[in-house]
Each structure stands twice: as C-alpha cells, then as structure tokens.
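Trainee: Structure for the following, please:
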Amino acid sequence: MRVLHLIQRYFPAFGGAEAHLRAISTRLAAEGHPVTVATTDAFDFEYFWDSTRPRIPEAEGWDGGVRVLRFAVRHLPFAGLTYPAWRRMLWLLSALGSVPVPLLCRLARITPWVPDLWAWLGQTRESFDLVAAMTITYEPLMEAGLLFARRRGIPFVAYPLTHLGVGPRPGADGLSRFYTMRHQLALVRASDAVVAQTAAERAFYEERGVPPERLVVVGPGVDPMQVLGGDARRFWARHGPPLPLIAFLGALSYDKGAYHLLAAVRRLWREGRVVALALAGQITRAARRWLDGLSMSERRNLLLLGPVSESEKRDLLAAADVVALPSRSDSFGIVYLEAWLYRKPVVAARTWGVTDVVEDGKDGIVVPFGDVAALTEALRILLDSPELRHAMGLRGEAKVYAEHTWDRKYPVIRGLYSRLTKR
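Mentor: Residues are numbered from 1 along each chain as shown. A predicted model of the protein is given here:
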C-alpha cells in the first residue's frame, strides 16, 4: 500500500496527534509500505497565528522510513487577532444554518493557510492507494486530502480526534463547538472510514449520520519498550532534593487544565504541604504572563520544564507520585497510558471521551473541569495514600497491557487500510 497521511504538525513537533500518526506511519513503513506525510512547517502550534514562534525549516526529510513533506504556513495580516476572529466567524456562520457547507469549507482554508500543500496535491503525479488525515479542528488539511482522494478514486480515512467537551451532551460546550461545525461534520461523513478514539466519539458521529459500518474505535496506543526506562534518581539529580511530585505533561494552557492544577497546588502549599509540581510542555505566551505573577516562595517547588525530550519525560514519569492532566481539550489522553505504565495514578477532568479511558476511583480520579476545590481534594487523597496510589497504578498498568498497546491497535489500523484498498 502506498499511503499518504496529512496532519497539521509532525515530528519533531510534539503532541498527542503527532505521536499517534507517527506511530502508525513508522509501523507501516517498517512493513514495507511506502508512507508520505504531508504537513506544515509549524513546530510550535501557536505558529499557525504567530509567525514569531518556532518553525521547522526543512521542506523534505525522512523519519523512521517515512518521507515527510513540510509546506509553509502563510499568515494573514495581524494573524494573532485575525486567526481566532476568523475561526469564531466560521462558528457563527455554521450555527446560522443557512450558509452552505461548501462555502464554509472555502472560508476555512486560511485557518491554517497552507496554499503550497493544496498546490502540491493538485500537481503531483505520485501514485497513492489510500489517503488519511488527522485532526478535525485543522479541517483545511482534511478537506485537501479528501478532495485529492476523490480525484484519484482512492479511499479516504478520517481520524477526527474530536474534543467533545464537558457539556451536558457531547459537543455541547463552547470549546467543542469549534470541533463540530457543520462543514467539519460533513467532511467526516464523506470519509470512507472514520477512526474514532473512544466509544463516545463513535456514538457522536453515528448520531450525526456516519454509517456504523464506516466507524471503528481504535484510539492511540503505547509501546512499553519506548515508554519505560525512566529513572527517578536521575530526575532528582537534575532538579534538586526528592519531594512528593505532581507531574503535568501537556501545553500550558487554560483548556489543558494547567492553570487549575497550579491553583490547586498553591492551595496545598498554603496548607504547609511540601510538594513539588512539574510542568512539562509548551509554554504559551498567555502562560508566560500568568507564571510571571508567581511569588518567589511559590516558585521554589515549581519545576517549569518546558518541552522535554523523550528521555526527560521518562525520568519525570518515574519520579512522579501523581500524573495530573485535568484537561477539557483531549479526545483520549496518551499521557494517561504512559503514566499507568509507570504504575502511577492519574487525575483527569470529566470530559466526553476521556471518561471512556480513565475509570474514576479505579485507575485515577476524575473531577469536573475547572473545579479547583475538587482537584485539590483529589490531589490530597492521592498524596496521603500510598496504598491507593499503588493500587490505582497497578489497575492502570493492567488496562494498558490488556487494551492499549500498539501491538494490539496497529493490526486493526493496518487491517482497515488493507480492506479499503482491496475494496
């Protein structure tokens, strides 16, 4: 099979979607299937609206046997204002119901604006047997892949990675509405197959007209050999004397729950508890301003790590007592699987999809998103009970090996691709 994958960013850019597609792509390539990944030159996700953020300059390269083509992101004037304003306008036009879906798709093509990718897809004579695209909130790339597949008469697979939010129903809160606009749903419905992350995402798309036979629940996996091997002593040798440690891995943003987690840990500090908080992930401009307001005493036990390498992440997971990602902007949460491999309990936010992964009271604690009091109490419970932490970690580890390794999940993806291309 000759496979074309499209995604908004790709390794060495870090993120759950990026890691997910890389795992599939490199495994296909290792089996002899030629794989091309078409992506953007964004390294930092804020680069889509801020041209001063890091980018990856190499237009073409190889990674694990996968050919990677990077196309330049173009920026509108005053993109820091116009990009989010344009996305909000799209949502308003989608909500009106009278604006045709094709027009919504055309208006969306500048968020992100990657004209060279569209031009390459229109001109290339390369032969492919299947196209797949990941992440519905970057729908211009998914639309480009779908139209290319239709012109070639080959199957198209969508990995929406839909953030279904924290509302009373999936897709009903303010954030998830930017993942479930009418033109986005139309792209998913037009796909030959849809790979859902969770049962909740599958049910969401089935209710919106995707035939059940086109839907398959797979979700991301982990390779224990690549995740394990961290050393807590090595971590503390770099970062000071060992303390009870809460670890956060993800972009430092409101939607990821980083602000609420720090607010909860500050309450623990005010109670006189000696506990460290490690924040590992991209530090957004908004987070910089927020972190600058911390006092020197609060900074003492705050480990602001920024983006970390895989080896540093492994050491952090080994050193942590609790891994907390109380996010509303995750469709699954690979971090939970990685934490469980180290037998660590997790704290998650009660969001549609994530609650299919984390079982409250069994392998972690689930709290309402943004509820600092509930988050503080969850941390207290886990920090005060080593036996509970150990029991939850063991149950999480067992779940990973039973359900969530790539040895179990990759064959499902490969089988799907094979059936589609033979059909």
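Trainee: quick one: the strands in the stretch 51-200 of the chain?
Mentor: Secondary structure of the stretch 51-200 of the chain (DSSP state E, counting those that start in this stretch): strands at 60-63, 66-71, 130-134, 156-159, 193-196.
Trainee: TSV for those strands, including distance to residue 422 and mean pLDDT?
Mentor: (C-beta placed from N, C-alpha, C; glycine too.) TSV is the format used below for these (distance: least, C-beta to C-beta, whole Å; pLDDT from 0 to 100):
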stretch	distance to residue 422	mean pLDDT
strand 60-63	28	97
strand 66-71	23	98
strand 130-134	11	98
strand 156-159	14	98
strand 193-196	13	98
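Trainee: wait, which of the ones you listed is closest to residue 219?
Mentor: Smallest distance to residue 219 across those (C-beta to C-beta): 7.7 Å, for strand 193-196.
Trainee: Contacts made by that closest one with the rest, please.
Mentor: 155-160, 188, 202, 205, 210, 214-219, 413, 416, 420 (C-beta atoms under 8 Å, 6 or more residues apart in numbering).
Trainee: CSV for the strands of the stretch 51-200 of the chain, including distance to residue 143 and mean neighbour count?
Mentor: Listed next are these as CSV, based on distance: least, C-beta to C-beta, whole Å; neighbours: other C-beta atoms under 10 Å:
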stretch, distance to residue 143, mean neighbour count
strand 60-63, 23, 12
strand 66-71, 15, 21
strand 130-134, 8, 27
strand 156-159, 10, 26
strand 193-196, 15, 24
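Trainee: Go through those and name the closest to residue 232.
Mentor: The closest of these to residue 232 is strand 60-63. By C-beta to C-beta, the value is 30.0 Å.
Trainee: Could you check how far the closest one is from the centre of its chain?
Mentor: 22 Å (C-alpha atoms, centre = their mean, to the nearest Å).
Trainee: Start at 258, not 1
Mentor: Happy to do that; since the first residue is 258 now, the last one works out to strand 317-320.
Trainee: Sheet-wise, list the partners of it with their directions.
Mentor: Sheet pairing for strand 317-320, assigned by DSSP bridges, gives strand 323-328 (antiparallel).
Trainee: Outside of the partner strand itself, list whatever touches it.
Mentor: 267-268, 279, 282-283, 286, 291-298, 313, 315-319, 371, 373-374, 377.
Trainee: quick revisit: restricted to helices, list the contacts of strand 450-453.
Mentor: Judged by DSSP state H, the subset of the contacts of strand 450-453 located in helices is 445, 459, 462, 670, 673, 677.
Trainee: Show me which of those is closest to residue 348.
Mentor: residue 445 (16.8 Å).
Trainee: hang on, the closest one packs against residue 391?
Mentor: No - in this structure residue 445 lies outside contact range of residue 391 using C-beta atoms under 8 Å: 12.0 Å.
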